[in-house]
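# this one's structure only:
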């Protein structure tokens with residue numbers, strides 16, 4: 001980024017007025033770098049299973065493996081002693097545009113999490129944190145619109161939690177909704193880079 005100014009005061013003014021554009025530029029560049037990396041090096045076994053199961057292309061980073069696979073849900077994880085990164089895919093019938101509201105999509109997300117993502121303690125399961133309302137928006141990705149949700153998750157009846165990103169698309173060819181969800185668990189360390197890695201995986205998505 002190059003900024004031309006006649007003096008310090010003008011530089012500070014230009015930088016302040018364009019700060020959001022500058023940040024977005026760097027974030028997009030970092031996101032593109034990660035996506036290019038995953039285009040070259042990804043878990044082909046997971047890629048092939050998701051294509052067969054959900055008719056989608058999704059390139060997950062090396063080291064991720066499928067933990068749970070059902071007709072309408074898959075949970076793909078990368079685990080170390082320090083961190084946990086995961087991507088979840090779930091599908092349900094598309095009935096109307098009213099599907100794409102924050103309230104409805106969070107309810108759907110929580111129903112899949114409760115049924116498929118148990119916590120470490122008996123009777124525990126992942127849910128969306130309701131104390132802080134998720135941020136909701138719409139993006140355009142590879143010619144398709146998607147709901148974009150950012151928020152926090154926690155484990156009911158336990159003490160785990162962290163950030164998540166969710167993109168929800170309509171598969172009009174099959175009249176289905178496809179939810180792509182990524183989360184990070186990394187207690188006591190910064191989650192920023194790990195969440196960006198998960199986001200890059202989600203944005204590798206396209207219909208098969």
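Thanks, I have the structure now. Since this is a predicted model, take the numbers as computed values, not measurements. Residues are numbered from 1 along each chain as shown.

# can we go C-alpha only for contacts and neighbour counts from here?
Fine.

# which residues touch the longest strand out of those in the chain?
If each strand of the chain is counted by residues according to DSSP state E, the longest one is strand 144-156. If you take CA atoms under 8 Å, 6 or more residues apart in numbering as the criterion, strand 144-156 is touched by 100, 102, 119, 124-129, 132-140, 160-170.

# where does this protein dip in pLDDT?
Scanning the chain for pLDDT under 70 picks out the ranges 31-39.

# and residue 184, what does it touch?
83, 84, 85, 86, 162, 163, 164, 191, 194, 195, 198.

# Kindly recompute the last result at 6 Å.
84, 85, 162, 163 (CA atoms under 6 Å, 6 or more residues apart in numbering).

# Need phi/psi at it.
Main-chain torsions, residue 184, degrees, to the nearest 10: phi -130, psi 140.

# and it, bridged to which residues?
Residue 184 forms beta bridges with residue 85, as assigned by DSSP bridges.

# As a check, name the ranges of all strands in the chain.
Under DSSP E, the chain gives strands at 56-57, 65-69, 73-79, 84-93, 125-128, 135-141, 144-156, 161-171, 176-185, 206-207.

# residues near residue 156, how many?
By other CA atoms under 10 Å, the residues close to residue 156 number 19.

# no no, residue 98
10.
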